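Chemist: Following is a predicted model, sequence given first.
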Amino acid sequence: MEFLKDRILIGPVSIHYYGIIIVTGAVLAVFLAAWMARQKKENEEFLWDMFPWLLVAGVIGARIWHILTPPDSMVAIGMDTHFYLTHPLDAINIKNGGLGIPGAVIGGLIALVLYCRKHKLDYRQWADYIAPGLALAQAIGRWGNFLNQELYGAPTDLPWKIFIDPAHRIAGYANVEYYHPLFLYESLYNLANMGILIWVSRKFRDTLKPGDVILVYAVIYPVGRFLLEFLRLDASSVLSLNINQTVMGIVALVSAGVLLWRHRHAPKNKVVSEE
């Protein structure tokens with residue numbers, strides 16, 4: 001066994017740290033979701049059964065999102081959507097990163113709905129169990145971005161600045177050494193999101209409607225991502241818009257609207273539970 005900068009070599013097998021981090025986050029997310037399910041006396045075995053499907057669907061969705069919305073720095077060197085569509089081997093190569101969180105959530109949600117329909121489960125309820133774990137997985141997964149030096153913010157001299165190797169600096173910043181640790185900001189924000197979701201699910205356990213917790217997630221995470229995008233140097237532009245920031249803003253507003261609409265008839269200071 002040999003430990004290299006970005007991978008572990010076990011004979012001819014190469015295991016990238018990025019992949020280890022992603023899988024570790026996903027497994028811990030299932031443990032947390034299983035704990036959430038036990039609080040409601042549900043059979044947690046369903047979570048372990050659906051886990052491979054959610055993981056694969058999430059990775060596929062994340063990669064598709066990246067292919068459709070590559071960051072500007074990659075577009076500048078010719079690695080745009082057209083490049084990926086005409087170079088299938090590059091399109092499936094994720095060992096150096098290139099996974100979009102919005103796509104991961106969409107892919108995982110599709111797999112969850114299909115699984116729950118097959119097993120006659122309420123996908124909204126199971127999405128609620130998964131939501132805190134999803135935030136945890138994101139918090140852990142962002143450290144893969146740190147290893148790849150692919151998620152950093154604007155230049156800064158703050159005490160917690162991080163050094164970026166010249167090879168990983170985007171065009172126009174070749175002589176700038178220190179940047180905002182954007183990956184760390186988002187990781188900490190996701191941990192806080194996880195804590196809030198657990199608190200909400202326990203504090204209002206008898207009054208929440210199925211799907212409320214995942215809707216709270218769909219408000220909190222997009223708001224944080226929307227704000228952090230202002231620090232990001234390497235945005236993904238579609239029609240001159242920061243597509244991730246735009247989508248996050250829309251999702252947050254829609255999710256908040258749905259939550260308010262679902263409880264529009266609830267008495268003041270009381271939420272009516274759903275039969």
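Modeler: Nice, I can see it.
Chemist: Mind listing what's buried along whichever strand or helix holds residue 85?
Modeler: Element membership for residue 85, per DSSP states H and E: helix 81-86. Judged by neighbour count (16 or more other C-beta atoms under 10 Å), helix 81-86 contains these buried residues: 83, 84. (Each C-beta comes from the backbone N, C-alpha and C, glycine too.)
Chemist: can you list contacts of the following helix or strand past that helix?
Modeler: For helix 81-86, the succeeding helix or strand toward the C-terminus, using DSSP H and E, is helix 88-91. For helix 88-91, the external contacting residues (C-beta atoms under 8 Å, 6 or more residues apart in numbering) are 63, 67, 79, 83, 84, 85.
Chemist: Show me the shaky parts of the stretch 101-250 of the chain.
Modeler: Within the stretch 101-250 of the chain, not a single segment meets pLDDT under 70.
Chemist: All the helices of it, in order from the start?
Modeler: Secondary structure of the stretch 101-250 of the chain (DSSP state H, counting those that start in this stretch): helices located at 101-118, 123-148, 182-203, 212-228, 243-262.
Chemist: How many residues are close by residue 165?
Modeler: 8 (other C-beta atoms under 10 Å).
Chemist: which stretch among the helices of the stretch 101-250 of the chain comes nearest residue 93?
Modeler: helix 123-148 (13.0 Å; C-beta to C-beta).
Chemist: which residues does residue 38 contact?
Modeler: By C-beta under 8 Å, 6+ apart, the contact set of residue 38 is residue 44.
Chemist: Where does it sit: helix, strand or coil?
Modeler: Using DSSP: H, G, I helix; E, B strand; the rest coil, the structure places residue 38 in helix.
Chemist: Not counting sequence-adjacent ones, nearest residue to the residue nearest to the spatial centre of the chain?
Modeler: For the chain, residue 101 is the residue whose C-alpha lies nearest the centre (C-alpha atoms, centre = their mean; 3.7 Å). Nearest non-adjacent residue to residue 101, counting by C-beta to C-beta, 6 or more residues apart in numbering: residue 138, 6.4 Å away.
Chemist: hang on, the earlier thing: let me have the helices of the stretch 101-250 of the chain in TSV, extended by distance to residue 55.
Modeler: TSV is the format used below for these (distance: least, C-beta to C-beta, whole Å):
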stretch	distance to residue 55
helix 101-118	8
helix 123-148	10
helix 182-203	18
helix 212-228	18
helix 243-262	22
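Chemist: got the contact list for the residue nearest to the centre of the chain?
Modeler: 62, 65, 138, 225.
Chemist: just the contacts of helix 88-91: which has the poorest pLDDT?
Modeler: Lowest in pLDDT among the contacts of helix 88-91 is residue 79, which has 89.
Chemist: Excluding chain neighbours, what is closest to it?
Modeler: Of all residues not flanking residue 79 in the chain, residue 70 sits nearest, at 6.1 Å (C-beta to C-beta, 6+ apart).
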